[in-house]
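[1] test case, fold it:
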Amino acid sequence: QVQLVESGGGVVQTGGSLRLSCAASGRTFFSQYAMGWFRQAPGKEREFVAEIRWNFSTYYADSVKGRFTISRDNAKNTVYLQMNSLKPEDTAVYYCASSSSRFISSSSAFQSGSWGQGTQVTVSS
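    Below you'll find the predicted structure:
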């Protein structure tokens with residue numbers, strides 16, 4: 001089973017930037033898996049933020065489009081989330097996730113895949 005470890009969270013003022021990292025270990029063919037970022041704010045359900053696939057195609061939630069950028073470095077088995085122009089409503093625990101199967105991307109594939117422990121992002125107004 002792959003291990004995912006997020007880092008880079010913290011406290012930032014409105015309009016600031018943060019870069020989250022997600023390091024994967026214990027997985028061969030990392031480049032062939034879809035990777036995603038999700039977040040959960042207090043009292044809310046977990047929501048999709050961004051995804052990057054094996055072919056480097058990317059997808060974003062409307063709420064972060066134009067402000068967040070997801071990327072991957074397959075040589076380092078790492079996925080990144082660059083977050084710019086942060087808003088208080090971006091405050092949440094951010095989770096990295098891996099699809100459960102190679103060349104598969106779907107909600108169920110992520111739900112049954114591997115998840116990190118989460119990293120807190122707090123945006124102060």
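[2] now for the closest residue to residue 85 other than its chain neighbours: which residues touch it?
    Closest residue to residue 85 apart from its sequence neighbours, by Cβ to Cβ, 6 or more residues apart in numbering: residue 67 at 4.6 Å. Glycine gets a C-beta too; all of them are placed from N, C-alpha and C. Contacts for residue 67 (Cβ atoms under 8 Å, 6 or more residues apart in numbering) come out as 83-86.
[3] ranges for the strands of the protein?
    3-7, 10-13, 18-25, 35-40, 47-52, 58-60, 68-73, 78-83, 92-98, 114-115, 119-124 (DSSP state E).
[4] returning to that earlier point: ok, and the most crowded of the contacts of residue 67?
    Counting neighbours by other Cβ atoms under 10 Å, residue 83 leads the contacts of residue 67 with 27 neighbours.
[5] and for stretch 22-30, what's in contact with it?
    Looking at stretch 22-30 with Cβ under 8 Å, 6+ apart, the contacting residues turn out to be 1-7, 33, 35, 37, 74, 76-81, 96, 98, 102, 116.
[6] buried ones among these?
    Among the contacts of stretch 22-30, the ones that count as buried by 16 or more other Cβ atoms under 10 Å are 2, 4, 6, 33, 35, 37, 77-81, 96, 98, 116.
[7] which one is the residue sitting nearest the centre point of the chain nearest to, not counting chain neighbours?
    The residue lying closest to the centre of the chain (Cα atoms, centre = their mean) is residue 37, at 2.1 Å. Closest residue to residue 37 apart from its sequence neighbours, by Cβ to Cβ, 6+ apart: residue 49 at 4.3 Å.
[8] what's the pLDDT at that neighbour?
    Residue 49 is assigned a predicted lDDT (pLDDT) of 98.
[9] look up how far residue 1 lies from it.
    23 Å (Cβ to Cβ, to the nearest Å).
[10] which residues are in contact with the lowest-mean-pLDDT helix or strand in the chain?
    Lowest by mean pLDDT, DSSP states H and E among the helices and strands of the chain is helix 107-111, with a mean of 93. Residues from elsewhere that reach helix 107-111 (Cβ under 8 Å, 6+ apart): 34, 36, 38, 97-101.
[11] nice, that's everything, thank you.
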